[in-house]
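[1] Provided below for reference: sequence and predicted model.
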Amino acid sequence: MKLFKLTLLSALILGLAAGCISPELRTARIAMNERDYDRAMSSAKAELARMPGSAEPIYMIGHIYEIRSDWYQMVFWYDSCAKVSNQYRDKITDVRRRLMARYFKKATDVSTDSLVQIYGTAVWDTTLTFLDTAIVLDPNEIALYQQGATAAYFIRNFGRAIDLAEKAVSLEGADKPPDIGTREVLLISYQETKNLPKVKEWAKNLMRLADPDVDSTNANTYLRGLDALVSAQESEGLAEEAAATLREAMAKFPHRTDIKMNLAYMALRKKDYDGCKALYKEVIVQEPNNFDANLNLGTLLANEDKWKECVPFLLKALEQKPDNRIAITNLMAAYYNDGLDAKGLEMKKRLDALSDSPDAVKPEVKNPADDQKTGKDAEGSETKKPSKSKSGRK
């Protein structure tokens, strides 16, 4: 008898539990099983209107949007579900991470495609579109913003590049160390938008992080920051501040010839020829066979008609690169102007031989200012060089 009563009681409890499910929710569940998502959606919303704090219909609506690949709506409803209950937290987290990884991979595949050089802007547009979707799915993944900033930079959308890079920086922490590449994107983007206060801010930030003494590969990055900072200071009319910045860099890294070479270019840009020559001489003391320093110093001295002084440096440059037309041309001028006609003729023959060679390109007469704009030497490398050579220049 007691067993019968217990069984009856259990049946009544189960019946009451089943009766607690509303018709709207029951219909929504059935429709989901039948993949009738329109009916499931309307029934779930009806249940939500009846029970505003119920997690199941909210999750159900989010899941329908997931099935339909409407990621913005999916994220909205999944976020809403997480606010009222932890019941579906693991499922939601798994879905969002999986989808984010899918779109991140798509973005990476597109941006590293071997055809990127052909398709150019279109490729980076597509990359950014995929990354935008991935960011919606996981707004706290720093790599998405870093790559997105790069993509925006390549399509010259500097405002967007700044927004994405700033967000990436804000997500850095103890487990995510400062990223130099992100800061380079910020610096260049602010330069392009002519925001001088921000240029100075991020140039200093970059210089602090890219210490060449800590990692020699950082030298170019440090110099990029230094050049940007000095240029911004000069643009604001802060000549003394710019000069102090250069002096500070020299004092901090007196042993780095790469920094001195770039400081020499900055001095040249300001038409500080004496300062430029002094820097080249310091480099030569440290590196007697430095081709660029010898050639540039020799050319500057030739510009000033200091024929005897320029010869040793030009000869040293010619030792490194015997076919360098700039060194040969300036030596020819130096010898002729110094009355050494035989040596001048020898240089002329060397130059003629290079010009007559079927593999050689004859030197053009160029406006020296054109070379200064390019920042490239006679071999095409990105070294800085003096301007206004009379008979040829780097």
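    That came through fine. Residues are numbered from 1 along each chain as shown.
[2] how many residues are close by Ala249?
    23 (other C-beta atoms under 10 Å). In this view, the C-beta of every residue, glycine as well, is placed from N, C-alpha and C.
[3] and for Asp292?
    When neighbours are counted by other C-beta under 10 Å, Asp292 comes out with 23.
[4] next SSE after the helix or strand encompassing Ala49?
    Using DSSP states H and E, Ala49 sits within helix 37-50. Sequence-wise, the next helix or strand downstream of helix 37-50 (DSSP H and E) is helix 55-67.
[5] packing partners for that next one?
    helix 23-33, helix 37-50, helix 71-84, helix 89-111 (3 or more C-beta pairs under 8 Å, 6 or more residues apart in numbering; DSSP states H and E).
[6] and these as JSON lines, adding mean pLDDT and mean neighbour count?
    What follows is the helices and strands packed on helix 55-67, written out as JSON lines (pLDDT from 0 to 100; neighbours: other C-beta atoms under 10 Å):
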{"stretch": "helix 23-33", "mean pLDDT": "92", "mean neighbour count": "17"}
{"stretch": "helix 37-50", "mean pLDDT": "93", "mean neighbour count": "18"}
{"stretch": "helix 71-84", "mean pLDDT": "91", "mean neighbour count": "18"}
{"stretch": "helix 89-111", "mean pLDDT": "86", "mean neighbour count": "16"}
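[7] can I get those in a markdown table including distance to Asn289?
    Conversion of the helices and strands packed on helix 55-67 to a markdown table gives the following (distance: least, C-beta to C-beta, whole Å):
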| stretch | distance to Asn289 |
| --- | --- |
| helix 23-33 | 77 |
| helix 37-50 | 75 |
| helix 71-84 | 60 |
| helix 89-111 | 41 |
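[8] so for Lys281, which of the ones you listed sits nearest?
    Among the helices and strands packed on helix 55-67, the nearest to Lys281 by C-beta to C-beta is helix 89-111 (45.3 Å).
[9] was I right to think Leu48 contacts Tyr59?
    No: when contacts are counted by C-beta atoms under 8 Å, Leu48 is not listed as touching Tyr59 (10.7 Å).
[10] how about the one helix or strand Leu331 maps to, which residues are buried there?
    Using DSSP H and E, Leu331 sits within helix 325-337. For helix 325-337, burial by neighbour count (16 or more other C-beta atoms under 10 Å) applies to 325-336.
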